[in-house]
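**Q** make a model of this:
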Amino acid sequence: MKPLAWNEIRKNAAEFAREWADESYEKGESQSFWTELFAVYGIQRRKVATFETRAKRLGGGGFIDVFWPGMMIAEQKSRGRSLDAAEEQALEYLSSVSDAEYPRYVVTSDFATIRVKDLEAPAGEEPVTFQLDNFANECERLGFIAGYQKRKFGSREQANASIEAAQLMAGLYEELEKSGYDEHQASIFLVRTLFALFADDAGLWERDLFLEYIQNRTSEDGSDLGAQLSVLYQALNKPKNKRLTKADELIARFPYVNGSVFGEALEIPYFDKAMRKKLIRACYFNWGEISPAIFGSLFQAVKSKEARRELGEHYTTETNILKVVQPLFLDELTERFADKYHDPAALRKLQRDMGEMRFLDPACGCGNFLIVAYREMRALELKILVRLRELGNRAYQSSLILDEGNTVMTKMTSFYGIELEEWPATIARTAMFLVNHQANQDMAMQIGSPPDVLPLVQSSTVVVGNAITTSWADVVPPTRRLFVLGNPPFLGHATRSNEQAKELREVWKRDDIGRLDYVTAWFAKAVTLFTSTDYDGEFAFVSTNSITQGEPVPALFGPIFDSGWRIKFAHRTFAWASEAPGAAAVHCAVTGFDRNPRKPAWLYEYEHPRGEPVRIAAAEGINGYLVDGPKVMVEQRRQVLSPGLPPMVFGNMPRDGGHLLVSPDEYDDVASDLVAAKYLQPFIGARQLLHHEARWCLWLTDLDPADVGRSDVLKTRIDAVRAFREASKAESTRQMAETPQLFGQRSQPDTAYVCVPRHASETRKFFPTAFFGPEVICGDSNFKADDPDGYAFAVISSSAFVAWQKAVGGRIKSDLRFSNTLTWNTFPLPTVSTAQRAAIIEGGTRILEARAIRPNRSLADHYNPLAMAPELLRAHHALDKAVDAVFELTGAARDEARLKALFASYAKMTN
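**A** The predicted structure follows:
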């Protein structure tokens, strides 16, 4: 028996209110009151009796009128009595209830008034109170009785419910493992149980029918639980007219589901008391509240012991999924709905267009992108149906939805997926059924009767296979409105396997794949699919942000742009993470593509990776670096592009086994040797540069050979360097053993120089660099450039350079990775006048003077983004003004304006 339609519920509610309008009813009539109230929603008397029996046991010496584990508790008072006292009594009873049975709602009544308190409502939210004579208009307040749930998609409450649900399923899976079930059979059995639990709470059949079956048809020791569930699951795979005529009366009340979930034959599992207890506990949970998208991600992890321990810490939030779904297609559809809100013909056209759309996730996993896309499409279509009804369209005037197939244009059959493994693919198909039912419930709440969803007929198509070697055209039939989306796997060039590298070469049709991430194979496959005249549409993927930085940009975006595509929208670097404490974050980007240059392009900027995006119109278009600017491809250069800038090279490489370097602990021993002491010079490695730490080296380029014999320190250390180099497997290092007194590679200048770290935090406003004299030896963990007048120091200290570095340079996670060939040699600073050069040098000098005010501070301290000294900030702003003027930028320029000018300058300077 499917749930009652809302028009039936409202009719029943009006009759109930009339029958109970008599003012003479007292507390003793409460059993009849609640029995008949539940009947308003189609809940049978025997179910209410079960609740009441449980309620009397719960109260010990007292009495509670209704207790529905996991759902509601109700307390009745005589007319005119305090509902506050009734609510307090109900909450007192709950003090002895287990977490598994704890209800969500407290309902109280005095026969004239009904109050509903949601225990999961935000703090401070008042209970809902209404008069019984208005029950017909307020009956939705108790819609949960019939299985109708008002869900807040993406809410913290729904995420928590989904996490708890997955933890319950993990407990069941552990019992299946103990029973000896193999992995495949355990997976299928668990999916069937999930379906039954959801059906119990979501109105697919009688409320709590599955729970009733377990409690009344299985023994308490659980010895027959596996057999009885197998019998039930077999029955769910048979139409009622084909079941045994003498079948169990309780089984006969279950509807026909269909073989897509219950078709495969399985061995009968052996269970015990613990499994039965866990299953009943799961039945008490309200499965109608879960998010199929989040739950699917978590459900996928229950088979791994390690993942089970961390359930809830790693899942894809719906907020992040919507960063793809909304700008790819949903925003445009929503805008059309708003624009044509008063035009019935245009709204019907919009609905038909939505019905023609097809969706493919070629790395679908447990289907969360497909689920959210389907849910959002159904939600928008429901708004259209409601609006057409308001506008008086005859086809939508009935309070009943006659048939989902005829009324709803967005169908599960329009959604396709490719998944490498069977288990997540099975979850994806099942979760689509669940979200489809939730969408139908939402439709029923606003328009009328929910359509029949059982037996299961429609389904999404999820193919098990390798998305890179599978022809996508074999999965999705030809269509002119295809939207490809998803979150393919990220594997950098250092972590991909040989087989994956081979797949990349084949899909890109090139031998040299360089630093292309494995995720880029999905971009190539999408472009290939749309090359066919049978397909048209758009595509968007989540990817590691590294594909929009450095060397991979020309290799990836060059062929895509050359094929006629443009970036329709892009989310710049953000943290793709769970909302759970301690969850790991991956720094990602989202890029969406179309072939319609007339439409606006949108950039989503983030002030910091975990922040909220700000949408900005890209007037010139979005290039491969996710910048509003010309579609130039910045490639490595061996020579400096900008006139007047010196070449940047690595510092000096010791290759010494540590024997030419002197730590603070070793300094006194070396300095006490008067011969060795004269060769001690300050040494700057990465930590010394950023954190003001002391270190020295023996710089022996002008070593007097006689000094070696006069110094035990020199002799011991030089001998140790020779031994270290001679033992090396590298021929180049062994050759260095011929000059053991010298650094392996030397580039120390005889003039002042700028010293640049290889890496810097992206949170710093400016690139942390230093200016040293030739007596300070620069290590090879830094870059350096001869800079006698400080011009290079000033340029690299400017906001314009940091903007360029962030846009075209590579990264490690989100940290900036400086490159002489990719960011310094390509920096497009035009030829400057003598006056402009002087102004830039003066700006750099002011920065050094500002730092000198606090000489004990390290570079890391000076450039702490939360604690920069005001005078240092002012000095940088003065420098920025001088550098920005070269690009004809005035006032307080923003990085967006700088990047547009920088890319325009690069395009001009490289012709």
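**Q** how many neighbours does F262 have?
**A** 22 (other Cβ atoms under 10 Å). Glycine gets a C-beta too; all of them are placed from N, C-alpha and C.
**Q** what about it, distance to A227?
**A** With distances taken as Cβ to Cβ, to the nearest Å, F262 is found 16 Å from A227.
**Q** H877 too?
**A** For H877 relative to A227 (Cβ to Cβ), the value is 78 Å.
**Q** likewise for E849?
**A** 85 Å.
**Q** what's the helix or strand for C588?
**A** strand 585-594 (DSSP states H and E).
**Q** next structured bit after that strand?
**A** strand 601-605.
**Q** next one: that next one to chain centre, how far?
**A** Here strand 601-605 is found 18 Å from its chain centre; the criterion is Cα atoms, centre = their mean, to the nearest Å.
**Q** what are the contacting residues of the following helix or strand past it?
**A** Next in sequence after strand 601-605, counting helices and strands by DSSP H and E, comes strand 614-618. Strand 614-618 has contacts (Cβ atoms under 8 Å, 6 or more residues apart in numbering) with 600-607, 628, 896.
**Q** and of those residues, the nearest to S24?
**A** Y604 (64.0 Å; Cβ to Cβ).
**Q** which ones are touching the closest one?
**A** 323, 327, 569-572, 590, 613-616 are the contacts of Y604 under Cβ under 8 Å, 6+ apart.
**Q** just the buried residues of the residues you listed.
**A** Buried by 16 or more other Cβ atoms under 10 Å: 323, 327, 569-572, 590, 613, out of the contacts of Y604.
**Q** max pairwise distance over these: which two?
**A** Longest span within the buried ones among the contacts of Y604, Cβ to Cβ: P327 and R572, 13.0 Å.
**Q** which one's the longest strand in this structure?
**A** strand 566-577 (DSSP state E).
**Q** how long is stretch 18-32 from one end to the other?
**A** 15 Å (Cα to Cα, to the nearest Å).
**Q** buried residues in that stretch?
**A** Buried-residue list, stretch 18-32, by 16+ other Cβ under 10 Å: 20, 25, 30.
**Q** okay, those residues in CSV with pLDDT, distance to A807 and secondary structure next?
**A** CSV is the format used below for the buried residues of stretch 18-32 (pLDDT from 0 to 100; distance: Cβ to Cβ, whole Å; DSSP: H, G, I helix; E, B strand; the rest coil):
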residue, pLDDT, distance to A807, secondary structure
W20, 89, 70, coil
Y25, 72, 74, coil
S30, 82, 70, helix
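**Q** can you put those in CSV and add distance to S798?
**A** Converted to CSV, those look like this (distance: Cβ to Cβ, whole Å):
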residue, distance to S798
W20, 78
Y25, 81
S30, 78
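**Q** ok, the residues you listed vs L388, which is closest?
**A** W20 (37.1 Å).
**Q** so that closest one touches F33, yeah?
**A** Yes - applying Cβ atoms under 8 Å as the test, W20 and F33 come out as touching, 6.7 Å apart.
**Q** where do the contact lists of those two overlap?
**A** What both W20 and F33 touch, as defined by Cβ under 8 Å, 6+ apart, is the set F111.
**Q** where does V754 fall, helix, sheet strand or coil?
**A** With DSSP: H, G, I helix; E, B strand; the rest coil as the basis, V754 sits in strand.
**Q** identify the farthest-apart pair in the contacts of strand 614-618.
**A** P600 and E607 (22.5 Å).
**Q** about what we covered before: who's in contact with the strand holding C588?
**A** 323-324, 327-328, 490, 526, 538-545, 547-548, 560, 565-577, 604, 609-610, 626, 811, 813-814.
**Q** write the PyMOL selection for whichever of those residues are buried.
**A** Burial among the contacts of strand 585-594 is assessed by 16+ other Cβ under 10 Å; the matching PyMOL selection reads:
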select buried, resi 323+324+327+328+490+526+538+539+540+541+542+543+544+545+547+548+560+565+566+567+568+569+570+571+572+573+574+575+576+577+604+609+626+811+814
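**Q** ok so, going back, would you mark the buried spots in the strand holding C588?
**A** 587-594.
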